[in-house]
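1. fold the following, please.
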Amino acid sequence: MERLFINLLLMLAITGSVAVSHASTTFLSRFKNNIRVAIDETPEKLNASVDYSRIEEKTNACSRSGSRLAIMSAATFHLHTLPRLPLRSFEASSDSAASFLENRSVIDKIDNIDEKMRSGEVSVQPWSGDYWPIRSGGIARRYLDSNFPDLTTRDSWLDAFNYFQANAPDKTEDKFLAPSEKYDLLVDDKNFSLTKANWAEGKQYNDRYGEVEKWMGYCHGWAPASFMEPRPTHKITVKSHAADSDKEIEFLPDDVKALASLKWANGINVTEDYLTGATRFLGNRCDDKEPKKDQETGRIIEPGCFDLNPGTWHIVVTNQIARANRPLIIDASFDYEVWNQPVTGYSFSYFNPKTLKPTEDLAEATIDINDTEFVDKFKKFRNNPNAVQLVGVKMYVEYVVETSPRNRAEDSPARDSHQTAVYHYDLELDSRGRIIGGEWYQNKHPDFIWMPLKNSISINHEDTYVKNDKDIVRVAPYASRAMIPLRRVIDNILANFR
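-> Here you go, the predicted structure:
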């Protein structure tokens, strides 16, 4: 039912019922009357199926400090490095889009996109999961224990850590154990190395800053895992790897999601032959809480905070979602916080950049860039000499958001949460109608986009020492101390859902 609602919403955007909505018209009116105020507005969010219990925890939905480096490290393996694809803020190109997309045959002409790709949807829906906030202990959070400190309100990382120390895992009932503790039992790690490593990560932030920010976690692992790994649809029991034990450990769907998310957060993403980095990245993380702005328009002028050009955005989203039918991951904020979300669908309509009136017709939305009656608020930023026309675009972008872990024996797409954001921007066209640039009408736009290549895998150096199941108990503690669950263990678990 939730997915049906989203599809209906996207269809309505095409027919115009949503495209001319009061909220959108009001935004364009405010933009026309006072650009400096309107440009800083938060994009309209259509909360079709958001888990509202999380709203107080986050502004949108997360990542560990320095996560851009973590994401980019996934593109490097052995001597092979996938280079970052920088773009000047005023310039977009199909070549840059082609370097990002797996299908190098890129559709970048506005009339072809208008005809064939006004909307798109992925073929397999990513699963919602927690971002496992470090403030709560990461995947060492005992989400099944009602006495565990509630970090969404007043409690701190130290409260959670003290609770863990007072209630050791070997003294706690199995039904209350955290995902990391279940993993430690599974690999017969009596020192609970993975669990301690999760707490140690929070400790370093807490010792240094006196607190752990609520937004810090592993959404940069959850986001790719949600569509690169199968959905854990039901609880399973797995026999311990301990040589002298018949103990079986129960894993709920959210336990499995936690381990997969941590693997993708801390792993190296490579192709199936293990030789080449397999992460594509476009844009840049904005590290400034208050980036520099143009005094006249309010437009962000800090280069690192205006790196993903809307022209490239439009080409990539339409080609990736509508043609490849695979998700890509966006940073749903523009500032120093990082919130990675897998995009599942989009639709768009138009508006005329001159009149700012919404329309469904491409011709009505297209104007000459040198129209003498057109007051271009971004004229001083348009430095592309090949641009001859402008088109205004209003895009609805649907993405999956996080959900809190629950004591549930089953999982399905009906339990996922989605959100739809509305972005306004214009596109610059050359004489052939190719998209070559554009300007955002909102400062709060996607900061960067990235994705793991199809059929790639997240592994670590420690995985190379595991040739069979007999090696797991020996190697697991070494990997766990580096916050790494072993690929073989995860694959054995995920085999129950393939």
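2. tell me the spacing between Ile107 and Leu101.
-> 10 Å (CB to CB, to the nearest Å). In this view, the C-beta of every residue, glycine as well, is placed from N, C-alpha and C.
3. now Glu373
-> For Glu373, the distance to Leu101 under the criterion CB to CB works out to 38 Å.
4. and if you look at Thr26?
-> Per CB to CB, Thr26 is found 35 Å from Leu101.
5. which one's more surrounded, the two?
-> The residue with the greater number of neighbours, taking Thr26 and Leu101 and applying other CB atoms under 10 Å, is Leu101; the counts read 22 against 12.
6. leaving out the residues flanking it, which one is nearest to that one?
-> Leaving aside its sequence neighbours, Leu101 sits nearest to Asn319 (CB to CB, 6 or more residues apart in numbering; 5.5 Å).
7. relative to Pro310, how far out is the one you found?
-> 15 Å.
8. what is whichever strand or helix holds Val475 packed up against?
-> Element membership for Val475, per DSSP states H and E: helix 472-480. Counting contacts by 3 or more CB pairs under 8 Å, 6 or more residues apart in numbering; DSSP states H and E, the secondary-structure elements packed against helix 472-480 are helix 193-209, helix 487-494.
9. can you pull out the helices in the stretch 101-250 of the chain?
-> 110-116, 157-166, 179-186, 193-209, 219-228 (DSSP state H, counting those that start in this stretch).
10. looking at those helices, which is buried most?
-> Ranked by mean neighbour count under mean count of other CB atoms under 10 Å, these are led by helix 219-228, which reaches a mean of 29.
11. quick check: which ranges of the chain have low pLDDT?
-> Counting by pLDDT under 70, the chain contains low-confidence ranges at 1-25, 47-95, 151-154, 304, 306-307, 333-338.
12. hmm, try it at 80
-> Across the chain, the ranges flagged by pLDDT under 80 are 1-25, 47-95, 104, 150-155, 273-276, 284-289, 303-307, 332-339.
13. the domain parsing of the chain - what is it?
-> Recorded structural domains for the chain (assignment: automatic domain parsing) are 2-73+89-129+292-452, 134-271+462-494.
14. any chance of CSV for the ones you listed, columns distance to Ala278?
-> Compiled in CSV, these are given as follows (distance: least, CB to CB, whole Å):
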stretch, distance to Ala278
domain 2-73+89-129+292-452, 6
domain 134-271+462-494, 5
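15. how near is the residue of the chain positioned farthest from its centre to Leu185?
-> With distances taken from the mean C-alpha point of the chain and given as CA atoms, centre = their mean, the most distant residue is Asp244, at 42.1 Å. Distance of Asp244 to Leu185, computed by CB to CB: 14 Å.
16. are we agreed that Gly345 is in a strand?
-> Yes. Judged by DSSP: H, G, I helix; E, B strand; the rest coil, Gly345 forms part of a strand.
17. ok, it to Thr420 distance?
-> In this view, Gly345 and Thr420 are 9 Å apart by CB to CB.
18. got it, and Leu282?
-> Distance of Leu282 to Thr420, given as CB to CB: 22 Å.
19. ok, now Glu201?
-> When Glu201 is compared with Thr420 (using CB to CB), they lie 33 Å apart.
20. give the contact list for Phe27.
-> When the contact criterion is CB atoms under 8 Å, 6 or more residues apart in numbering, the partners of Phe27 are Ala38, Glu41, Glu44, His424.
21. secondary structure of Glu272: a helix, I assume?
-> No. Applying three-state DSSP, one finds Glu272 to be coil, outside a helix.
22. count the residues that sit near the nearest residue to it once chain neighbours are set aside.
-> Nearest non-adjacent residue to Glu272, counting by CB to CB, 6+ apart: Asn455, 5.6 Å away. Applying the criterion other CB under 10 Å, we find 9 residues in the vicinity of Asn455.
23. correct me if wrong: Asn455 contacts Asn269.
-> No. Judged on CB atoms under 8 Å, Asn455 makes no contact with Asn269 at a distance of 11.2 Å.
24. burial measure for the closest residue to Ala365 other than its chain neighbours, as a count.
-> The shortest distance from Ala365 to any non-neighbouring residue, by CB to CB, 6+ apart, is to Tyr350 (3.4 Å). For Tyr350, the tally of surrounding residues (other CB under 10 Å) stands at 24.
25. test my guess that Tyr350 contacts Leu356.
-> No. Distance between Tyr350 and Leu356: 11.1 Å, which falls outside the contact criterion (CB under 8 Å).
26. list residues touching both of those two?
-> Counting by CB under 8 Å, 6+ apart, the shared contacts of Tyr350 and Leu356 are Gly392.
27. just the C-alphas of stretch 265-272, formatted as PDB.
-> This file holds the C-alpha atoms of stretch 265-272, laid out as PDB (Å, rounded to 0.1, in the frame of the first residue of the first chain):
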ATOM      1  CA  ALA A 265      30.600   0.900   6.000                       C
ATOM      2  CA  ASN A 266      34.000  -0.500   6.700                       C
ATOM      3  CA  GLY A 267      34.700  -2.600   3.600                       C
ATOM      4  CA  ILE A 268      36.500  -2.000   0.300                       C
ATOM      5  CA  ASN A 269      34.100  -2.200  -2.600                       C
ATOM      6  CA  VAL A 270      35.600  -4.100  -5.500                       C
ATOM      7  CA  THR A 271      34.500  -5.900  -8.700                       C
ATOM      8  CA  GLU A 272      33.900  -9.600  -8.700                       C
END
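28. from the chain's centroid, how far away is that stretch?
-> Using CA atoms, centre = their mean, to the nearest Å, the mean C-alpha position of stretch 265-272 is found 16 Å from that of the whole chain.
29. which residues of the stretch 51-200 of the chain fall in strands?
-> 76-77, 80-81, 119-121 (DSSP state E, counting those that start in this stretch).
30. list the helices and strands the last one packs on?
-> So the one you mean is strand 119-121. In terms of contact count using 3+ CB pairs under 8 Å, 6+ apart, strand 119-121 is assigned the packing partners helix 2-15, strand 340-351.
31. repeat the analysis, applying 7 Å as the threshold.
-> Contact here means 3 or more CB pairs under 7 Å, 6 or more residues apart in numbering; DSSP states H and E; on that basis strand 119-121 packs against strand 340-351.
32. partners of the strand it packs on, with directions?
-> The strands beside strand 340-351 in its sheet (DSSP bridges) come out as strand 119-121 (antiparallel), strand 329-331 (antiparallel), strand 358-359 (antiparallel), strand 389-401 (antiparallel).
33. and the last one with helix 219-228, angle?
-> Counting by axes from the mean of the first three to the mean of the last three CA atoms, to 10 degrees, strand 389-401 points 90 degrees away from the direction of helix 219-228.
34. following strand 389-401, which helix or strand comes up?
-> Past strand 389-401, heading to the C-terminal end, the next element that is a helix or strand (DSSP H and E) is strand 417-429.
35. next one: the shortest one
-> Toward the C-terminal end, the helix or strand that comes next after strand 358-359 (DSSP H and E) is helix 362-365.
36. what's that next one in contact with?
-> Where contact means CB atoms under 7 Å, 6 or more residues apart in numbering, the residues beyond helix 362-365 that reach it are Ile110, Asp111, Asp114, Tyr350, Phe351, Asn352, Thr359, Val391, Gly392.
37. how about Glu115, what does it touch?
-> With contact set as CB under 7 Å, 6+ apart, Glu115 has no partners.
38. against Ser349, how distant is it?
-> From Glu115 across to Ser349, the span is 15 Å (CB to CB).
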